[in-house]
Each structure stands twice: as C-alpha cells, then as structure tokens.
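*Asks:* whatever this is, show me its structure:
(chains A, B and C)
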Amino acid sequence: MTLKVERLVVEHGAIRALDGISFEVDAGSLAAVIGSNGAGKTTLLRTISGLKDAKLGKIFWKDREITGMKPEDLVRRGLAHVSEGKSVIPELTVRENLSLGGIWRNNKSELEESIGEVINLFPRLGERMDQRADTLSGGERQMLAIGRALASKPELLLLDEPSLGLAPLVVEQIFETISQLCRQQGITIILVEQNAMGALAIADTGIIINLGVIVAQGDAGSLVADPALKSAYLGY
Amino acid sequence: MHSPKFLKNPNRRRLLFFIFLGWLLLLIGDRVDELRVYQGALIAIYTLAIGSVILLTGYSGQLSIGHGAFMAVGAYAAALTQIYFSPPIIITFLAAVIITAIFGALLGGGAARLSGPYLAGTTLALALGLPTLANQFEFLGGETGLSFDVGFPPERYGFDFTLYKWFFWIAALATLIMFWVMQNILKSRYGRAWKAGRSNQAAAELLGIHVGRRKVLAFTVSAGVAGLAGALLGMISIVSPSAFPLSLSFAIITGAVLAGLTSLAGSILGGLTLVIIPEIAEAISKNVSESEAVSANVPGLITGVLLILTVLFAPNGPAEQWHHHKEKKKLKAKSKGS
Amino acid sequence: MQQLINTLLIGVSIGSIYALMALALVLVWRSTRVVNFAQAGQAILSTYIAWEVVNRSGSFLMAFILAVAIGGLIGGLVESGLMRVLLKHANEGPVAAVAPVIATLGLLAVIRAVVGLIWTNEGKRFESPVSTAGFVIGDATLPFSRLNLLIIVTAAVVMIIFSIIFQKTNLGLALRAAAYNPEIARLSGVRVATTRTIGWIFAGAAGAVAGILVSPNDSLTPNSLDTLLVFGFVAAVIGGLESLIGAVVGGLVLGVGLSFVLIYLGTSLIFPTTFVVLVLILLLKPAGLFGAKGARSA
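*Replies:* Reported below is the predicted structural model:
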C-alpha cells in the first residue's frame, strides 16, 4: 500500500464536502475516482496534495503521515497534482512550464533529461517549446499540464478531470497515455473523472463518490459490471 | 410613560437629538478657555472631514486617500466666493459645498469604474498635486494663499464673544447640520443601496441597483461634505497649499480608520484623536527634547503607528472590535447556560 | 531640432527614474496584490542613508551599493514583518479590501517621521557625484549633463540585471510563476511565501536606486520622494501594473512626455497633464498599454 486515506472530513465553510472518506491505493496501480459534479472529487485531490486542509482524518503516503503538509513540500516527496482545468501558466512558454515542474530539484541536467522524456511522450509539445502556453489547443494544454507534473518525476500522480472539454479522439489519446504512465513507468495514479466508463476502462480499482461519501469501491471491472451502480452513478 | 406623538417619528427624534447636542456644545463652548474653543472648532472640522471619508469608504467601499484635495477645493471656493461676491456667510459655505460636490461628481464619474489600488493611487495623485496648482495661478494667491474672512461675530452677542468662539459656533453648527443631513441620506433608499453595493456588487446589481451611478452619487455627497470641512478649516487658518498637505489627507484617513470606517457616529472619536495627537507630541517634545524635529515628526509617527496597529489588530475600528468582543462573550455565556 | 533632441534626452533621463519606481511598485503588486505606498518611504530612508555615507566617506559608489542593499533589506523586513502578519490577520470584514493599502500608508507616515527625527526636516543638499553642467558641443551648451548620463546608464544596468534574473534564472521563473498563478507554482514546489519576500526585496532595491538617482542636485527632505511615488504609480498604470517591461516603457513614455510639456508648455501644466494621463489611461485603456485582459475593478 502506498496511499492511504482514513476517515477524511473536509469542509468548505459550513458545507461538508467530504464526510469520512477512507480508501487505499496500491503502489503502481491506477485508481479512478468517479462521481458527479459536486460529489467532492476535486476536494479530495486538493486535500491530498495539501492545497486544502482536512478537518478530521489522516492521509498516509508511503507509511508516513502527510496530513496538513504543504504542496511545495509534498512535491519533494514525489506527489504531483494536475489541478482542474488544464493547469498550465498561460503567460509562460511551453519550455518554462515544463521547467517549472522540475524547478525544485535545481539541477539543470536532470531537468533537461525529464523534459526530454516528456517530449518523447508528447512529441507535439517538442515542436512548440518556445510558444506561449496560451497559443496551444485544449488537448496540447492538457498534455503540457501532465508534462509539467511529470517533469517533477512523481511517484504519485493526481489527475483532476484531464478529459474535460476535449474532443473524443483527444480524450482517448490522453487516457492511453495515462494508462501507459502507470503500466510502463510504474507511477501510482489517482484519476478523478466524470467520464466514468473511460476512466474505469483503464483503471485497476474504482472509487465512486456521491455527496462526500464513498458509495462503492473495488475492482474496476466488477464496478462496471454491477447493474445497480451502472444505472445510479455511471450514467449508462 | 408614553412619548408625545411628535417623537414617534424617528426622523423627528433624530432632529431633536441633534438640536440638543448643539445646545450642549454651545454651553460647553461658553465655559472653556480660548485654546480649548479653538481646538473644539478643529475637532468639529476633523469630525466632519472624517464623516465624509466614512460616507465614501464605509458605506460604499471606495477608499479615497485624496480627501485633503476636496477640502482644498472647498476652501478655495469659499475664499474666492467671499472675496469676489461677499454674500452672506451661509451662502458662501453653500457655494463651497456645491462647487466641491460638482468637482467630486466629475471625479466620481471616472472613479466609479475604478476601485481598490487604482482609486487609491488616483486620489493620492490628486491630494499631492492639486494644492500645488495654487502656486501656478495668480488669482489663487500662490504659496501665501488667500484669506477666507467670515467677519466678526454679530455685535448682539456682546463684547466678550471672541472670534474663536464665533469660529467654534459656525464649525460646530455646520458639522451638526451636515451630520444630520448625512444620517438622513444613509437612512434613505440611496444609503441602503450604497451599503448593498459595498457588500456585494453582483447581488446589488441583481436587485436592480445601479452600482456605478450610486458610486458617483456617494462621491458627490462625500466631496461636498469634505468641501465644507475644507472651507471651515480655511476659515480658522488660511487658504494656502501648505494648509492642505498630504499629511492632512493621511490624518483624515487615520481618523476614519480609528473611527471604524463603518459608522458615522465614530467620526467624533476620530476627530478627538486627531486633535489630541499633536498635544501628545507637544508634551513629548517638552519633556524629552525641545527640538523642532521632535514636535514636527512625533504626530506623524503616532498617526502611522495607530494606522498600522488598527488594521493589524482591529481592522474594523476599535469601537467595532470591542462590540464584537462583547457579542462573542455573550454568545459564549449563552451556550454555556443552555 | 536640437531642442527636440535635448527634450528627448532629458525625458529619457527622468523617465528612467520613474521607470525604476514603477518597477518597484509592479514587483510588489505582482507578488502581493498591494500597491505599496510605503515605497516612497522605503526609498527616502535608503536615500538618506546614501547621503549619510557620502558625507562620511566621500564615496558615492560605496554609498550607492550600501543604500541599495539596505533598501532591499528594508523591503524584505516590511514584507515579512508587516504584510505577512496583516494578510493573515485582516482577511475578512468590510475593511479587509482596503486594509493593506491603509497599512502601507501608515508605514509611509512612520518611516517619514523616523527619517525626520533622525535627520530633521530641514532640506539636505545631496551633492552630485558628477558634473551637472551640460555637455558642450561646439559653442552650444546642452541642458543634458553628465549626471543625466549617469542616471540613464545606472537605470539601464539595473534593468538589464533584472531582465536577466527574470528571464534566464530559475529564481526568475519561480517569481514569474508565483505572480501569474500561485497555486500552480506551489504545486510545482515553488515556495510562494519566499518568492513574495524576494519580490519585496527587489522592489526595495529598485526604489532605493530611484531615490538615489533623483536626489542629487536637489533638496532632500523626508517627503521629497512623494511626487516620485505618484509618477511611478502613473508609469506603472500606463504599463498595466502587471508587466515589468510595461513599467519601464511606462516610465520612459511619461518622462519624455512630461519633458515635452515642461519645455514647450511650462511647469504649471506638469501636474494637470500627469493627472489627465492617469485618468484617461484608467478609463480608456484600463489594462494599460501592456496589460493582459482583466478589468481593474478587482
């Protein structure tokens, strides 16, 4: 087990966004977190990566408690978070966005190496290295956002709705890449999605959240096969 | 005991309260010495100026650093009116209010679209630059300035009615009347609309309140009030660029911040503080060292420190903070009891 | 023609000082979203220190380096000692929006008073390190002097150093990322609180350079940099308040423009022109000449 969340409670003012969530994600596996708008998926990722404080509960990463740690410290422990809505800085160039991902290591050659790996993965970024990020298409921006996270050499990658607002073909390509990152590079991935079928198809395990509580979790295949879940939460 | 019918109406009650306050002030003014009377006039003027800032910042959420500029406009308007037309004195003050209000409306037309740092910076530029214009135009009297002469007190008040007492009467009455007017504005539809605009612009717009127009109106009224304060200040001192330095604007803001920025009633507290600060500085320089540097700079030091401490520890003003504190205590007591 | 060139040169000289002050304001604005009115105070304190060192050691260079370093230090102290506490404390209530601005005003008052207490309010003469007599070409004496040249060169050097730091180094990348999007910067491991302090340090140093460059051959008093603050603010607004290049261009445009006003129309129109320019820019081109999208009513 690498990531463990125990009875997590998170509040936005008076509203309870997460109400006692517990789950585990094994090393090198891909977990899909599924739920509708407002279910608490984004809050879950933001709390794990340290952007939001938990009210109650604990988070462990590689057997050490990380609850309440700051995002800038968690990056140094191998966590990378691609936040909602193409998390790139539009005013910076593609190269600068990628460099930002590896900035904390302060090591030029290692940085160049990981930028090279990102370009291997997304050749289209390589052709646009000196363009500003706001000149990229939606799909390219999502690639850049993932690329920025990868440049930090993460062991755990948190992805918040990478398929949002992208054309179906691009979505397929992004999901393919995410699956590859997990299978070939052994990165543990938590993938938050509204696109339940697409996400569960590449995931090992699935966690279905509704209104801040987990309604079902388990093997991705068996979740998809459960007819009750299918009609209630998976939208098919 | 039932209050008489006449007092059932809150507006009339307020009017009576102000009249009583005025009578009380005049009584006090009769019983203290010359210096205190002068300081009394100063307190009234500062209170009025602070009231104008609170009207703008506290009730419409716009921070103006430049109220010293409005005061200067009012003072020059009054002095010029008096010099060229010499109408009855009340007309002169009215002219000062109207001219400054028009000036404020013009500025507010632009400022309505600005807020936060942009408005603050623009009004700062105004406070710094406007008074220096007097040096450029001969009819404004240059650095020596103009004198705004309201004349001697009427003879029927007797010989021992001094000029300063006369100033105090005018300043105190003008301030009282203006506060009464402001209170009424705030209780009106307009005033409530300003507050709505301050707390939530989007919501106010949904309610059909035109925030931009209200802001201009708030600017206009606030400028008019500040103009009157400026004219009064010109009356007791002199109308020159050096009478309206940037530090005057700072002092007024300090007074407003100390008063809590959210209630007109606090203005008097701010006015008192502003008059007391130089007194303290004087006392310090007498006891510590007789140097001019001390007496010239200690007021600024106290003002600055008070500003910083207030925003750090009592951002809504000491009065409000105290109130808040008490409420909390009450709540705690209640929850323990239940 | 000759007068035209003279006006232009003088304008560039004074404009580069405005540009430095504008840079200081923009650096703070980008890192903290506050227009730092105390910048004039921080700069005046640095300038008085420079004056003191010049008087004691006779070395302008040493005074300059020391005062700029202290200027940076003051900036860092103001951020970590005051602004950080303030932003943590006063984050709700009706006054929250104006609290930071009020705090910088208070600080301005405090610094001025302290300067006045130490050095008195009497004007000090800050001797120019180089000749202030105009260059002589043929039999004509230009108003443009060695001092003007020194100002332009110094300002240019400072700006080049800044542009290298911001464009070529990791620190610069971290500063820009934190300014544009603090959240993504943090997720990338940038310590945003530290970059904020560094922004204030740079701003303090830039403001100190501006103060030291504008003061020679003039009377130095505790409030002699107030007008520079206003011109710097106008320059920053012309440039869009967000952009470092915008601040520099804004400063130069304002300097040259005002120089033309001064020579061809007279001093009396300097302030009205500045004010009209400020209001027009804010009303017609609210994002400045270099600003990105986004309104000013935030």
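
*Asks:* please count neighbours and contacts with C-alpha atoms only from this point.
*Replies:* OK.

*Asks:* for residue A:191, grab phi and psi.
*Replies:* phi -110, psi 110 (degrees, to the nearest 10).

*Asks:* that one contacts residue A:35, doesn't it?
*Replies:* No - in this structure, residue A:191 is not within contact of residue A:35 by Cα atoms under 8 Å, at 11.5 Å.

*Asks:* and whichever residue of chain C sits closest to chain B, how many neighbours does it have?
*Replies:* For chain C and chain B, the shortest gap (Cα to the nearest Cα) falls at residue C:106, measuring 4.0 Å. By other Cα atoms under 10 Å in any protein chain shown, the residues close to residue C:106 number 30.

*Asks:* do stretch C:232-243 and chain A meet at all?
*Replies:* No - applying Cα under 8 Å from any Cα of the partner chain, one finds stretch C:232-243 separated from chain A by no less than 11.2 Å.

*Asks:* would you map the helices across chain A?
*Replies:* Assigned helices in chain A, in chain order: A:41-48, A:71-75, A:94-101, A:108-121, A:123-126, A:138-150, A:168-185, A:196-202, A:220-225, A:227-229 (criterion: DSSP state H).

*Asks:* what sits against the residue at minimal distance from the centre of chain A?
*Replies:* Nearest to the mean C-alpha position of chain A, counting by Cα atoms, centre = their mean, stands residue A:159 at 1.5 Å. By Cα atoms under 8 Å, 6 or more residues apart in numbering or on different chains, residue A:159 lies in contact with A:81, A:82, A:83, A:84, A:189, A:190, A:191, A:192.

*Asks:* hmm, back to that, of residue A:191 and residue A:35, which one has the most company?
*Replies:* Shown here are residue A:191 and residue A:35; by other Cα under 10 Å, residue A:191 has more neighbours (27 against 24).

*Asks:* please name the bridge partners of the more buried one.
*Replies:* Beta-bridge partners of residue A:191, counted by DSSP bridges, are residue A:32, residue A:159.

*Asks:* please report how far it lies from residue B:257.
*Replies:* 50 Å (Cα to Cα, to the nearest Å).

*Asks:* with adjacent residues omitted, what lies nearest to residue C:50?
*Replies:* residue C:63 (4.7 Å; Cα to Cα, 6 or more residues apart in numbering or on different chains).

*Asks:* touching, that neighbour and residue C:54? I think so.
*Replies:* Yes - the criterion here is Cα under 8 Å, and residue C:63 meets it with residue C:54 at 5.6 Å.

*Asks:* the two - which one has more neighbours?
*Replies:* residue C:63 (24 against 19).

*Asks:* quick check, residue C:79 in a strand?
*Replies:* No - assigned with DSSP: H, G, I helix; E, B strand; the rest coil, residue C:79 falls outside any strand and is helix.

*Asks:* what pLDDT does the model give whichever residue of chain A sits closest to chain C?
*Replies:* Nearest residue of chain A to chain C: residue A:72, at 3.9 Å (Cα to the nearest Cα). Predicted confidence (pLDDT) for residue A:72: 94.

*Asks:* list the contacts of it.
*Replies:* C:186, C:187, C:188, C:189, C:190, C:191.

*Asks:* nearest residue to it in space, please, no chain neighbours.
*Replies:* residue C:189 (3.9 Å).

*Asks:* distance check, the one you found against residue A:148.
*Replies:* 11 Å.

*Asks:* now swap in residue C:132 and tell me
*Replies:* 53 Å.

*Asks:* neighbour count: these two, which is higher?
*Replies:* Each of residue C:132 and residue A:148 has its neighbours counted (other Cα under 10 Å); residue A:148 has more, 31 against 17.

*Asks:* OK, contacts around the more buried one?
*Replies:* Counted by Cα under 8 Å, 6+ apart, residue A:148 has contacts A:88, A:97, A:98, A:99, A:100, A:101, A:102.

*Asks:* looks like the third one contacts residue A:141 (just checking).
*Replies:* The reference is to residue A:98. No - using Cα under 8 Å, residue A:98 is not in contact with residue A:141, being 11.5 Å away.

*Asks:* how about residue B:51, what does it touch?
*Replies:* Contacts of residue B:51 (Cα under 8 Å, 6+ apart): B:179, B:256, B:264, B:267.

*Asks:* excluding chain neighbours, what is closest to the residue of chain C closest to chain B?
*Replies:* residue B:304 is the one closest to residue C:106 (Cα to Cα, 6+ apart), at 4.0 Å.

*Asks:* I'd like the average pLDDT over the particular helix or strand that has that neighbour in it.
*Replies:* Residue B:304 is part of helix B:292-313, with elements assigned from DSSP states H and E. Computed over helix B:292-313, the mean pLDDT rounds to 87.

*Asks:* how about stretch B:80-87?
*Replies:* On average, stretch B:80-87 scores 90.

*Asks:* ok, back up a step: next, the residue nearest to residue A:72: secondary structure please.
*Replies:* Secondary structure state of residue C:189, per three-state DSSP, is coil.

*Asks:* run a quick neighbour tally on residue A:184.
*Replies:* Residue A:184: 9 neighbours (other Cα under 10 Å).

*Asks:* no, scratch that, I was asking about residue C:224
*Replies:* Residues near residue C:224, counting by other Cα under 10 Å: 18.

*Asks:* same check, this time on residue A:88
*Replies:* When neighbours are counted by other Cα under 10 Å, residue A:88 comes out with 29.

*Asks:* any residue of stretch A:99-108 touching chain C?
*Replies:* Yes - judged by Cα under 8 Å from any Cα, stretch A:99-108 comes into contact with chain C at A:100, A:101, A:102, A:103, A:104, A:106.

*Asks:* ok now do the residue nearest the centre of chain B, which residues does it touch?
*Replies:* Nearest to the geometric centre of chain B sits residue B:49, at 1.4 Å (Cα atoms, centre = their mean). By Cα under 8 Å, 6+ apart, the contact set of residue B:49 is B:67, B:71, B:225, B:226, B:229, B:230, B:252.

*Asks:* distance from the one helix or strand it maps to to the middle of the chain?
*Replies:* Element membership for residue B:49 (DSSP H and E) is helix B:34-60. Per Cα atoms, centre = their mean, to the nearest Å, the displacement of helix B:34-60 from the mean C-alpha position of its chain is 4 Å.

*Asks:* ok, stretch A:41-56 next?
*Replies:* Per Cα atoms, centre = their mean, the centroid offset for stretch A:41-56 relative to its chain is 13 Å.

*Asks:* also stretch C:157-176?
*Replies:* 17 Å.

*Asks:* same check on stretch B:132-148?
*Replies:* 24 Å.

*Asks:* ok, residues contacting it?
*Replies:* B:75-76, B:78-80, B:82-83, B:234-235, B:238-242, C:268, C:271.

*Asks:* pull the CA atoms of it into PDB?
*Replies:* Provided in PDB are the C-alpha atoms of stretch B:132-148 (Å, rounded to 0.1, in the frame of the first residue of the first chain):
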ATOM      1  CA  THR B 132       0.300  72.900  -5.700                       C
ATOM      2  CA  LEU B 133      -1.800  74.200  -8.600                       C
ATOM      3  CA  ALA B 134      -2.400  77.300  -6.400                       C
ATOM      4  CA  ASN B 135       1.300  78.200  -7.000                       C
ATOM      5  CA  GLN B 136       0.700  78.400 -10.700                       C
ATOM      6  CA  PHE B 137      -2.200  80.700 -10.800                       C
ATOM      7  CA  GLU B 138      -2.100  84.200  -9.500                       C
ATOM      8  CA  PHE B 139      -5.700  84.500  -8.500                       C
ATOM      9  CA  LEU B 140      -5.200  81.600  -6.200                       C
ATOM     10  CA  GLY B 141      -2.700  83.600  -4.200                       C
ATOM     11  CA  GLY B 142       0.400  81.400  -4.600                       C
ATOM     12  CA  GLU B 143       2.200  80.000  -1.500                       C
ATOM     13  CA  THR B 144       0.900  82.800   0.700                       C
ATOM     14  CA  GLY B 145      -2.600  81.800  -0.100                       C
ATOM     15  CA  LEU B 146      -5.900  83.600   0.300                       C
ATOM     16  CA  SER B 147      -7.600  84.600   3.500                       C
ATOM     17  CA  PHE B 148     -11.200  83.500   4.000                       C
END
